[in-house]
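Student: coords below, sequence missing:
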């Protein structure tokens, strides 16, 4: 549990000591207390359940709140690789055992997943019994966190399963993937800026996402890695603001793009000139670099 110092009374851990997490990666449950999601892939939704049991009357007395005050429980999910914040439905807290559920779509997370369980004030009721009682809607009176690292056997590319038909691409079943940058800000986080959209309308791509350990999937992923780097190189050489002399923060978009350029040359100007003259040769050199790693 995180220490809370919010200027009002909060619940001690003893009042919610029976809180338990149940997390499943698709159909695979995560062991109690386990942090590394070894079997997660970018195709597995994450199912979260928090179970709590408390005596509401005792909790309200600890908070110096009147008997008609109401508390609510909610799960909040944040991902290090995306700007998305997801929340469960708010459940009114009652005495006894309760469960709160949240489904985290695989398409909206990457990197690390931080789960937060909050109990907050929904209604302060009549005049509180103490000036230190929580009085504002949303005042947090209890919070506990759970972190899950979403790496495991998932491909290291920032994949996002998407239906290309939903994005207006005719005969979408023939398309495979699409490198999409959400921003061209070189200081932005690369994990949030770079997404490789995988077309679930394509049967081969769908099969690869569902079974990333099959021989066919491994061949696709190898080819995909080369094409991913090729497209990053194209983005780097077309960005007039990119400079190899700038010390971009690690894991930023600028750091990633400049690193691709540095695989082939110490000068972006010289590489741009070579690429204009013979892009196929430069891309073949990139293939050799990646294939030799």
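Tutor: Arrived safely, thanks for sending. Keep in mind it's a predicted model, so treat the numbers as computed, not measured. Numbering: from 1, shown residues only.

Student: Could you use CA atoms for every contact and neighbour count after this?
Tutor: Will do.

Student: so where's this structure uncertain?
Tutor: Residue ranges of the chain with pLDDT under 70: 1-6, 39, 41-43, 81-83, 151-157, 291-293.

Student: Tell me where it has helices.
Tutor: Taking DSSP state H as the test, the helices found in the chain are 56-62, 190-193, 203-210, 215-238, 253-262, 268-277, 279-291.

Student: and residue 91, what is it in contact with?
Tutor: Residue 91 makes contacts with 72-74, 100, as judged by C-alpha atoms under 8 Å, 6 or more residues apart in numbering.

Student: quick one: which of the residues you listed is nearest to residue 33?
Tutor: residue 100 (18.3 Å; C-alpha to C-alpha).

Student: how close does that closest one sit to residue 7?
Tutor: Going from residue 100 to residue 7 by C-alpha to C-alpha, to the nearest Å gives 27 Å.

Student: More neighbours: which of those two?
Tutor: residue 100 (18 against 11; other C-alpha atoms under 10 Å).

Student: In contact with the more buried one, which residues?
Tutor: By C-alpha under 8 Å, 6+ apart, the contact set of residue 100 is 49-51, 73-75, 88-89, 91.

Student: Using JSON lines, lay out those residues together with distance to residue 205.
Tutor: Listed next are the contacts of residue 100 as JSON lines, based on distance: C-alpha to C-alpha, whole Å:
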{"residue": "49", "distance to residue 205": "31"}
{"residue": "50", "distance to residue 205": "34"}
{"residue": "51", "distance to residue 205": "37"}
{"residue": "73", "distance to residue 205": "39"}
{"residue": "74", "distance to residue 205": "36"}
{"residue": "75", "distance to residue 205": "33"}
{"residue": "88", "distance to residue 205": "31"}
{"residue": "89", "distance to residue 205": "34"}
{"residue": "91", "distance to residue 205": "39"}
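
Student: just checking, which of these belong to strands?
Tutor: Among those, DSSP state E puts 49-51, 73-75, 91 in strands.

Student: Among the residues you listed, find me the one that's closest to residue 251.
Tutor: residue 75 (28.3 Å).

Student: The residue lying closest to that closest one once chain neighbours are set aside bridge partners, please.
Tutor: Distances taken as C-alpha to C-alpha, 6 or more residues apart in numbering put residue 117 closest to residue 75, at 4.6 Å, once the chain neighbours are dropped. Beta bridges link residue 117 to residue 75, residue 144 when assigned by DSSP bridges.

Student: I figured residue 117 was touching residue 72, is that so?
Tutor: No - under the criterion of C-alpha atoms under 8 Å, residue 117 makes no contact with residue 72, lying 10.7 Å away.

Student: Those two: which is more packed in?
Tutor: residue 117 (22 against 19).

Student: List the residues that contact the more buried one.
Tutor: Going by C-alpha under 8 Å, 6+ apart, residue 117 touches 50, 73-76, 143-145.

Student: Having no further points to raise, I will conclude here.
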